[in-house]
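Visitor: pasting the sequence and the predicted coordinates here, then a few questions.
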Amino acid sequence: MSVRVLIVDNSPVARQIIRYHLMLYGCRIVGEAGSASEAYNLYRQHNPNLITLDLMMPGVGGIDTDEVFRRIKAEVTRHGDRGDHLYTL
């Protein structure tokens, strides 16, 4: 089973570099987001095992990076351990 990854960074170049290196390790990229609100929607849609999150990303679209991180953490906590863990980098 490969690790499902969501890459979140407002820089397309940074996303490309992260994608390249994660794929070398056999990760499956399930989505890429350029904003925090897009990241949250993709998280809900794909339920990744790993999220790379640019914490310095500017808030755009009414939701900032800190808020996304809190929402995702709350959902993971609420659902408990389903044998499918979420890690953030």
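Guide: Here it is on my side, so go on. Numbers count the residues shown, from 1 in each chain.

Visitor: what's the average pLDDT for whatever helix or strand Val5 lives in?
Guide: Here Val5 sits within strand 4-8, counting by DSSP states H and E. Mean pLDDT, strand 4-8: 94.

Visitor: so which residues of the chain form strands?
Guide: 4-8, 28-33, 50-53, 87-88 (DSSP state E).

Visitor: picking that back up, helices or strands up against the strand holding Val5?
Guide: Secondary-structure packing of strand 4-8 (3 or more Cβ pairs under 8 Å, 6 or more residues apart in numbering; DSSP states H and E): helix 12-24, strand 28-33, helix 36-46, strand 50-53. Placement of C-beta: from N, CA and C, glycine included.

Visitor: so how far is the third one from its chain's centroid?
Guide: On the basis of Cα atoms, centre = their mean, to the nearest Å, the separation between the geometric centre of helix 36-46 and that of its chain is 7 Å.

Visitor: for the chain, which spans come out with low pLDDT?
Guide: Residues of the chain meeting the criterion pLDDT under 70: 59-63, 79-89.

Visitor: is there a neighbour count for Ile17? I'd like the number.
Guide: Neighbour count of Ile17, defined by other Cβ atoms under 10 Å: 13.

Visitor: phi first, then psi, for Pro48.
Guide: According to degrees, to the nearest 10, the main-chain angles of Pro48 amount to phi -70, psi 160.

Visitor: next up, the contacts around Leu42.
Guide: Neighbouring residues of Leu42 by Cβ atoms under 8 Å, 6 or more residues apart in numbering: 6, 30-33.

Visitor: just curious, which of these is nearest to Pro12?
Guide: Ranked by distance to Pro12 (Cβ to Cβ), those are led by Glu32 at 8.6 Å.
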